[in-house]
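> could you look at this predicted model? Sequence included:
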Amino acid sequence: MKIVELWRYPVKSMAGERLDGARIDALGIEGDRVVHVEDARGRVVTARTHPQLLAHHAVLAPSGEPLVDGAPWTHPQARQSVAGIVGQGARLVRDETADRFDVLPLLVATDGAITQFGYDGRRLRPNIVVGDVEGLAERSWPGHCLRVGEVLIGVQDLRGRCVMTTFDPDTLAQDPKVLKRIVTEFGGELALNCHVIRGGEIRVGDTVELVTCREKMRAQQAGRVT
């Protein structure tokens, strides 16, 4: 197996950027989901309720600052864009804590499952896509680890999917049949919730091995992993 795609989403619920390589640590890919949208009452807003956020494109500048449609995330243009979708008083907020993730810091998908899914894999918003995987083999991976060179990724469980999968990543046209298919054919779950046991550099083309998590068990025994 090998890494065939890497993705980062500097602003939560906006379109992200495809990478050739990335550094990952305990909080996943560096720069991933470091900014989110809040409404006037301070509540985090996502594309589940405001899918037009997906029309905006976020990347990380060489300086490490997120850009929204080419402008710094702090620029009035970016603020006006989210206010036009969410309402007056909406704003972009920087958050680099673990709380910024809905589940775990990494979402791993496989080419075999995406093929079985039958739709554009971007609908799943993965961070890592592993290639040369047969069919739905990923469904047997929870409890194991993925080793990429010195990097070790723990696989916790399958990801429950939501309405965001129903929106075309290019046109935003909604197709409710997408989520219905996930529910009826995949039990509502596709791709894998993962965490980083040992970080480092990863690149597209790197070999991926499915291994027993002996190192994770040692870390748990030492009280370093929960």
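Everything's here; your move.
> where in the chain is pLDDT low?
Along the chain, the parts satisfying pLDDT under 70 run over 214-226.
> contacting residues for the nearest residue to Thr110 once chain neighbours are set aside?
Distance criterion Cβ to Cβ, 6 or more residues apart in numbering; nearest residue to Thr110, sequence neighbours excluded, is Val133 at 3.8 Å. To be clear about C-beta, it is placed using only N, CA and C from the backbone, and glycine gets the same treatment. Shown in contact with Val133 (Cβ atoms under 8 Å, 6 or more residues apart in numbering): 1, 110-113.
> rerun that using 6 Å as the cut-off
Val133 is in contact with 1, 110-112, counting by Cβ atoms under 6 Å, 6 or more residues apart in numbering.
> what ranges do the helices span in this protein?
Ranges of helices in the chain, per DSSP state H, are 76-86, 111-117, 177-186, 214-221.
> most packed of these?
Comparing those by mean neighbour count (mean count of other Cβ atoms under 10 Å), helix 111-117 comes out on top with a mean of 19.
> what lies in contact with it?
121, 131, 133-138.
> make a PyMOL selection of the buried ones in those residues.
Here is the PyMOL command that picks out the buried ones among the contacts of helix 111-117, judged by 16 or more other Cβ atoms under 10 Å:
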select buried, resi 121+131+133+136+138
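> His56 - how many residues pack around it?
Taking other Cβ atoms under 10 Å as the neighbour definition, His56 ends up with a count of 17.
> check the one 4 residues further on too.
Other residues within reach of Leu60 by the criterion other Cβ under 10 Å amount to 21.
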